[in-house]
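Student: fold the following.
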Amino acid sequence: MTVVEAVTSDDNENADLRASLTLSLIKGIGPLLQATLLQHFGTAAQVLKQPVSTLQHVEGVGPQLANRIAGATHISAAAETLRRCRELGVQVLQKRTTAYPQSLSTVVDSPELLYCRGTTKPQDDLAVAIVGSRRCTTYGRHQAERFAGSLVRAGFTVVSGLARGIDCAAHRGALNAGGRTIAVLATGVREIYPPEHADMAMEIVDNGALVSEFPLDQKPRPGLFPQRNRIISGLSLGVIVVEATRNSGALHTVRHALEQGREVFAVPGQLNSLASEGCHELIRDGVTLVRNVDDILRELGPLANPTTSESQATIHDPREMSLNPQEQEILSLISTSPVHVDEVLRTTQLDMSRVLSTLTVLEMKHFVRRLPGNMLVRNV
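Tutor: You can find the predicted model right below:
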């Protein structure tokens, strides 16, 4: 690609992003209507070029909204938002680009744009959400921290909503275990709510990301919290519910997860605990009861490895997606039937020292175990 072509491509991408941002800032356009407009006209730039008469043919677009779109009065606001994002180090992730979370992109009503403060990584596709009551018990807080710590040590990213109670405990458990965590906000990424979690939010920025579909300065409003829950489940392979009453907002996340085809897990509490009534009803209705991270791993696997391009390789444990290519190669040579270490050395083109060190790492991560006589077997 020549310099001119590169600059032109960059300009086109920026123009497309500005148009998408302009569209998203227009009052009355939510994720579903934006998706409908894009389906009709192809790109956000094309939507903004349409006359009022054409726009009104789209279901859900009335005369007032059509005039707001055709007037394109939000173009300057979009440019100012992008300028502020650059100053604040906030990325605006656009759907159908490689930067946008792959798992979320498959959700029907996923946002066209996602504000991101921090970093998202390919390994975050291996994520599990932990949600529950804001008014949790000591037991619930302990369980959320325990599951979060176990998940990050198994190679998962923990997703939650930065709320008081279980959400806070989940993020704290992930951070204390040295892992990655993503907080999905019902506010803008510049408006941390609740305010007492501001310090934790900065820790999350350094070890994951704050993400939101809402503009930078969006303040908390009750209706925005249920809306953001579809993103929590959409970013995750599964959702763990730790303490939820019958009317808990966490059950909104469960409904989104079920609609999105995600796994749902519930942690049991004391039988007479009102704080766990929602969890117990979920278990009664068929949701998987979980006691530890091994229960979750059994339910999630096997999966198709998204890192393979042409022919997807089946993996037997979701944690395998966190392994580097060399570790995956060596692990693929070991089955549930014992194999001699010399056979592994003969099969691979890697140096003996690299193979032996990789086997040690796989043992430490509990993917394989050694048997007498230098035999190796895969853990299941």
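Student: CA only for contacts and neighbour counts going forward, please
Tutor: Will do.
Student: how about the strands in the stretch 201-350 of the chain?
Tutor: 208-212, 238-242, 263-267, 288-289, 303-304, 314-315, 339-340 (DSSP state E, counting those that start in this stretch).
Student: now mean pLDDT, distance to A257 and mean neighbour count too, for those strands, in TSV please.
Tutor: Shown next, in TSV, are the strands of the stretch 201-350 of the chain (pLDDT from 0 to 100; distance: least, Cα to Cα, whole Å; neighbours: other Cα atoms under 10 Å):
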stretch	mean pLDDT	distance to A257	mean neighbour count
strand 208-212	97	18	27
strand 238-242	97	7	28
strand 263-267	96	7	25
strand 288-289	96	13	19
strand 303-304	44	17	16
strand 314-315	54	22	15
strand 339-340	92	40	17
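Student: could I get the ones you listed as TSV with distance to T81?
Tutor: As requested, the strands of the stretch 201-350 of the chain are exported to TSV (distance: least, Cα to Cα, whole Å):
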stretch	distance to T81
strand 208-212	14
strand 238-242	33
strand 263-267	36
strand 288-289	43
strand 303-304	38
strand 314-315	42
strand 339-340	58
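Student: distance of D16 relative to L38?
Tutor: 12 Å (Cα to Cα, to the nearest Å).
Student: ah, wrong one, I meant V377
Tutor: 51 Å.
Student: the more surrounded of these two?
Tutor: Shown here are V377 and L38; by other Cα atoms under 10 Å, V377 has more neighbours (20 against 17).
Student: so that one is in which element?
Tutor: strand 375-378 (DSSP states H and E).
Student: that strand pairs with which strands, parallel or anti?
Tutor: Strand 375-378 has the following strand partners under DSSP bridges: strand 339-340 (antiparallel), strand 368-371 (antiparallel).
Student: centre of the chain to the shortest one, how far?
Tutor: Averaged C-alpha coordinates place strand 339-340 at 38 Å from its chain's average position (Cα atoms, centre = their mean, to the nearest Å).
Student: for that strand, give me every contacting residue.
Tutor: For strand 339-340, the surrounding residues in contact (Cα atoms under 8 Å, 6 or more residues apart in numbering) are G373, N374, M375, L376, V377.
Student: residue closest to the middle of the chain?
Tutor: Centroid-nearest residue in the chain: L235, 2.5 Å away (criterion: Cα atoms, centre = their mean).
Student: wouldn't R291 be in contact with F265 here?
Tutor: No - under the criterion of Cα atoms under 8 Å, R291 makes no contact with F265, lying 9.8 Å away.
Student: just to revisit the earlier point, possible to save the strands paired with strand 375-378 as JSON lines with distance to A169?
Tutor: Formatted as JSON lines, those follow (distance: least, Cα to Cα, whole Å):
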{"stretch": "strand 339-340", "distance to A169": "43"}
{"stretch": "strand 368-371", "distance to A169": "32"}
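Student: nearest to Q143, out of the ones you listed?
Tutor: With Cα to Cα, the closest approach to Q143 among the strands paired with strand 375-378 belongs to strand 368-371: 28.1 Å.
Student: got a list of what the residue nearest to the centre of the chain touches?
Tutor: P101, S103, L104, D125, A127, V128, V159.
Student: worst-scoring helix or strand of this protein, pLDDT-wise?
Tutor: strand 303-304 (a mean of 44; mean pLDDT, DSSP states H and E).
Student: so what's L21 up against?
Tutor: Per Cα under 8 Å, 6+ apart, neighbours of L21: A78, L113.
Student: what do you get if the cut-off is 7 Å, keeping everything else the same?
Tutor: Contact analysis of L21 by Cα atoms under 7 Å, 6 or more residues apart in numbering lists A78.
Student: ok but it is inside a helix, no?
Tutor: Yes - with DSSP: H, G, I helix; E, B strand; the rest coil as the criterion, L21 is located in a helix.
Student: gap between it and P111?
Tutor: 11 Å.
Student: next one: V158
Tutor: V158 is 20 Å from P111, where distance means Cα to Cα.
Student: who has more neighbours out of these two?
Tutor: Neighbours per residue, other Cα under 10 Å: of V158 and P111, the larger number sits with V158, 30 against 24.
Student: so what pLDDT did the nearest residue to that one once chain neighbours are set aside get?
Tutor: In space, and not counting its chain neighbours, V158 is closest to T181: 4.6 Å by Cα to Cα, 6 or more residues apart in numbering. Looking at T181, its pLDDT reads 98.
Student: tell me who's in contact with the residue nearest to H171 when sequence neighbours are not counted.
Tutor: Distance criterion Cα to Cα, 6+ apart; nearest residue to H171, sequence neighbours excluded, is T181 at 6.2 Å. Residues counted as contacts of T181 (Cα under 7 Å, 6+ apart) are T157, V158, V159, H171, A174, I204, N207, G208, A209.
Student: any idea how far T181 lies from A169?
Tutor: From T181 to A169 the distance is 12 Å (Cα to Cα).
Student: E299 now?
Tutor: For E299 relative to A169 (Cα to Cα), the value is 23 Å.
Student: more neighbours, the two?
Tutor: A169 (27 against 16).
Student: residues contacting the more buried one?
Tutor: Counting by Cα under 7 Å, 6+ apart, A169 has contacts R141, A144, E145.
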